[in-house]
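Student: Here you go, sequence then predicted model.
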Amino acid sequence: MTSLIETTDLTRILHETVPVTLVRDITLSIGEREFVAVTGPSGSGKSSLLYLLGLLDRPTAGTIKVRGRDAEPMSERERAATRLANIGFVFQFHFLLPEFTARENVEIPMRKLARLTRAEMRERATALLSSLGLEDHLHKRPDQLSGGQRQRVAVARALANDPPLILADEPTGSLDSKSSEQVFAILEALVNERGKTVVAVTHDLDMAARMHRQIHLVDGRISEEEGAKPGF
Amino acid sequence: MHLILDIAWTHIAGRGRQTFVAIVGVAVGVGFSIAMAALMQGGQDDFVRQLVDTMPHVEVSDEQRSARRQPAEDVFEVAAISGLRPRDDRRGIINPTAAQAWLDEWTPGRFAARLNAEGVIRYSGREVGAVVIGIDPEREASVSPIVEDFREGSFDALTAGGNNVVIGDTMASRLGAGLGDTITAVSSEGLTRNFKIVGLFHTGTTARDEGEAYVLAKNAQILSNRPNAINRISIKLDNPNAAPAIARRVEAELGYKAVAWQEANESILEALVVRNVIMYTVVAAIMLVAGFGIFNIISTITHEKARDIAIMKSLGFSEADMRRLFVLEGVAIGGAGSLFGWALGFSITYALSLVHFEIAATGQEMTRLPIAWSMLHYLIATASALGSAAVAGYLPARRAAHLNPVDIIRGAT
């Protein structure tokens, strides 16, 4: 099994008047078909780690490799292209573009990648949304959908270009328990049925316990790690 | 790229009223620039046309640009000359027949030779200083603008021969003379001759109407005691713009001063250039103001859409995509404004072209505003509108592209 994402001594320090260390000396390796929970108290650097893994942020020190390729020397454009094809994001808030319908939102990453024809994009977006139980809401705009529905559209959008890695930042953080359960089940199915790797930041320890691997952060460092597959 | 267009469209369409105001801003700028340029250009063209029409395009006189070289200067390397008393030369242009034949050979246009003699016109005890101009009526008619300005009679009346004169109407009224009266011309040589008025003209230029008297060349030569002499050749060219080159050639060949109309009116033409600079400065200022309107709306959109920018960047859009998006929005507003501006500019120009008024007091009647219809004005106005729109879009676009998505996403939680 190859590793999807590999970090060595990853450190991120915010250079404010008083330097703030978000993440320090993180060395980890995440392979395919993994379901990883990143837990920790508030301010422990969970989200910061996720942004670093998703190439949204640049580390102060250390290296990060996506599919064996070092991200450090990449240009801004290359990092964007890597994100587009390999990484899908799901945030705590749905972060859909408000002027576009559910299906259009899912189509946007595909149109940016421009690998399919428009008809194929439409078909794939419809299929993705239908598989998440949204077949009746294809043409609704985000403000006409419930929180859970929006989050499912966001998941569909993250899957649009069929990336191997899904990064979720508190995906259930702003949902009620029923919707949370639904979204969790979808993420679980992504790993088990579609063979994706999902890395989810959560502070819900029960939920984290149900994932395959847990990384616990305290003050930006890995304090505990459970369920790592052998071979890493 | 199509996707970027789509997103740009939703942003602009989502802010109907603000977009409308920005578009109107550009449209008014473009429209007024076009109308102003049409009016200014029209005025200038009209002015230049009048210059070109009323003046000979090249005027050759028997003067020289610098004092004649003395033979001593040609023979010796250093020569000091003092107390020189130049020969009194009243012959005018030397060998006029050869000169005219030479001009006839190659000049692309028409020309007329004249003899200008300073003199005084006298009638019933009143005297008016005048230039007595000896002409060949047929040739003169082909180069002189006066042909169209005759109140009574014409140059043809001179052709018949005899002691006839054509004078301006202002001179006639100052003398108290009318058509058919006989005036007396006195030359600087002291010779006197009587002429019968057979024509009156009114050009609108006071100096001409008051100070010019046209007679047959032969009469002027007799009056000034310079048989067969001419001292002016006026050339009217088919292409007025060729005047400087022709003037240079004539001057080189004949050795006499030949002045093109551009040289004679240098200061006026310079003033026109200055006027154009002022006009384009004002146009630029209008466009700048319109640019601020665009800057404002794009700036607002980038602020409002900061979250969307973060989302798009997290999805895999690059900074260049974001810059393109907002520059495109600016240019779209600039483009839409330009189109409306064309319609507005065309309407204003058309309205101006309908304006009638009369200035009778000066005698130069102007009945319509001079308007120049030129595609160039539309293109210049559009180019500057699109240019300022692109800059106005680029500044906020650059800031938006630099936005760190992490900051926005963190801020949202």
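Tutor: Right, received. Where do you want to start? Keep in mind it's a predicted model, so treat the numbers as computed, not measured.

Student: need the contact list for the spatially most central residue of chain B.
Tutor: Nearest to the mean C-alpha position of chain B, by Cα atoms, centre = their mean, lies residue B:48 at 3.7 Å. Residue B:48 is in contact with B:269, B:272, counting by Cβ atoms under 8 Å, 6 or more residues apart in numbering or on different chains. No exception for glycine: its C-beta is placed from N, CA and C like everyone else's.

Student: All the strands of the chain, residue numbers only.
Tutor: Using chain A here. A:3-14, A:20-31, A:35-39, A:61-66, A:69-70, A:87-90, A:165-169, A:197-201, A:213-218, A:221-226 (DSSP state E).

Student: That was the other one, I meant chain B.
Tutor: Counting by DSSP E, chain B has strands at residues B:58-61, B:109-123, B:126-135, B:150-152, B:164-168, B:182-187, B:192-201, B:212-216, B:232-237, B:258-260.

Student: Residue A:27 touches residue A:49, doesn't it?
Tutor: No. The criterion here is Cβ atoms under 8 Å, and residue A:27 misses it with residue A:49 at 11.7 Å.

Student: where do the contact lists of the two overlap?
Tutor: Applying Cβ under 8 Å, 6+ apart, one finds that residue A:27 and residue A:49 are jointly contacted by residue A:10.

Student: Need the single longest helix in chain A, by residues.
Tutor: helix A:177-192 (DSSP state H).

Student: and that one, what other elements does it pack with?
Tutor: On a contact count with 3 or more Cβ pairs under 8 Å, 6 or more residues apart in numbering or on different chains; DSSP states H and E, helix A:177-192 meets strand A:35-39, helix A:147-158, strand A:165-169, strand A:197-201.

Student: Buried residues in the last one, which are they?
Tutor: Applying a neighbour-count criterion of 16 or more other Cβ atoms under 10 Å in any protein chain shown, one finds A:197-201 buried in strand A:197-201.

Student: Residue ranges in chain B under the pLDDT threshold?
Tutor: Scanning chain B for pLDDT under 70 picks out the ranges B:1, B:89-91, B:359-366, B:411-413.

Student: got the residues of it near chain A?
Tutor: With Cβ under 8 Å from any Cβ of the partner chain as the criterion, chain B comes near chain A at residues B:2-3, B:7, B:10-11, B:14, B:307-308, B:310-321, B:404-406, B:409-410, B:412-413.

Student: Which residue is it, in chain B, that comes closest to chain A?
Tutor: Scanning chain B for the residue nearest chain A gives residue B:316, at 2.6 Å (criterion: Cβ to the nearest Cβ).

Student: Provide a list of residues in contact with that residue.
Tutor: Contacts of residue B:316 by Cβ under 8 Å, 6+ apart are A:80-85, A:87, A:109, A:112-113, A:161.

Student: what sits opposite the nearest residue in space to residue A:30 that is not next to it in sequence in the beta ladder?
Tutor: Spatial nearest neighbour of residue A:30, excluding adjacent residues (Cβ to Cβ, 6 or more residues apart in numbering or on different chains): residue A:5 at 4.9 Å. On the basis of DSSP bridges, residue A:5 is bridged to residue A:30, residue A:66.

Student: hang on, isn't residue A:5 packed against residue A:54?
Tutor: No. Assessed by Cβ under 8 Å, residue A:5 is found out of contact with residue A:54, at 9.4 Å.

Student: Can you check what angle separates the longest helix of chain A from strand A:197-201?
Tutor: Per axes from the mean of the first three to the mean of the last three Cα atoms, to 10 degrees, the angle that helix A:177-192 makes with strand A:197-201 is 150 degrees.

Student: May I see the buried residues of helix A:177-192?
Tutor: In terms of neighbour count (16+ other Cβ under 10 Å), helix A:177-192 has its buried residues at A:179-180, A:182-184, A:186-187, A:190-191.

Student: What of stretch B:204-217?
Tutor: Buried-residue list, stretch B:204-217, by 16+ other Cβ under 10 Å: B:205, B:208-217.

Student: which of the residues of chain B next to chain A count as buried?
Tutor: B:3, B:7, B:10-11, B:307-308, B:310-319, B:321, B:405-406, B:409.

Student: which parts of chain A sit against chain B?
Tutor: Within chain A, the residues that sit near chain B (Cβ under 8 Å from any Cβ) are A:47-48, A:51, A:54, A:56-57, A:76-77, A:80-85, A:87, A:89, A:91-93, A:95-100, A:108-109, A:111-113, A:157, A:161, A:169-170, A:173.

Student: Can you select the buried ones from those residues in PyMOL?
Tutor: The buried subset of these, as determined by 16+ other Cβ under 10 Å, is captured in PyMOL by this line:
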select buried, chain A and resi 47+48+51+54+56+57+80+81+82+83+84+85+87+89+91+92+93+95+96+97+99+100+108+109+111+112+113+157+161+169+170+173
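
Student: Need the strands of chain A in JSON lines (columns: distance to residue B:184 and mean pLDDT).
Tutor: As requested, those are exported to JSON lines (distance: least, Cβ to Cβ, whole Å; pLDDT from 0 to 100):
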{"stretch": "strand A:3-14", "distance to residue B:184": "105", "mean pLDDT": "83"}
{"stretch": "strand A:20-31", "distance to residue B:184": "108", "mean pLDDT": "84"}
{"stretch": "strand A:35-39", "distance to residue B:184": "118", "mean pLDDT": "86"}
{"stretch": "strand A:61-66", "distance to residue B:184": "109", "mean pLDDT": "85"}
{"stretch": "strand A:69-70", "distance to residue B:184": "108", "mean pLDDT": "82"}
{"stretch": "strand A:87-90", "distance to residue B:184": "106", "mean pLDDT": "86"}
{"stretch": "strand A:165-169", "distance to residue B:184": "110", "mean pLDDT": "87"}
{"stretch": "strand A:197-201", "distance to residue B:184": "115", "mean pLDDT": "88"}
{"stretch": "strand A:213-218", "distance to residue B:184": "119", "mean pLDDT": "84"}
{"stretch": "strand A:221-226", "distance to residue B:184": "120", "mean pLDDT": "78"}
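
Student: So which of these is nearest residue A:145?
Tutor: For the strands of chain A, the distance to residue A:145 is smallest for strand A:87-90, at 15.1 Å, taking Cβ to Cβ.

Student: Pull the residues that contact the closest one.
Tutor: Strand A:87-90 has contacts (Cβ under 8 Å, 6+ apart) with A:54-55, A:66, A:151, A:154-155, A:157-161, A:163, A:165-169, A:171, B:314-316.

Student: Not counting sequence-adjacent ones, nearest residue to the residue of chain A at minimum distance from chain B?
Tutor: Relative to chain B, the nearest point of chain A is residue A:84 (2.6 Å; Cβ to the nearest Cβ). Of all residues not flanking residue A:84 in the chain, residue B:316 sits nearest, at 2.6 Å (Cβ to Cβ, 6+ apart).

Student: Over to residue B:352?
Tutor: That would be residue B:369: by Cβ to Cβ, 6+ apart, it lies 5.3 Å from residue B:352.

Student: Next, work out how far apart that neighbour and residue B:357 are.
Tutor: Counting by Cβ to Cβ, to the nearest Å, the gap from residue B:369 to residue B:357 is 8 Å.

Student: neighbour count winner among those two?
Tutor: When residue B:369 and residue B:357 are compared for neighbours, residue B:369 comes out ahead with 18 against 9, by other Cβ atoms under 10 Å in any protein chain shown.
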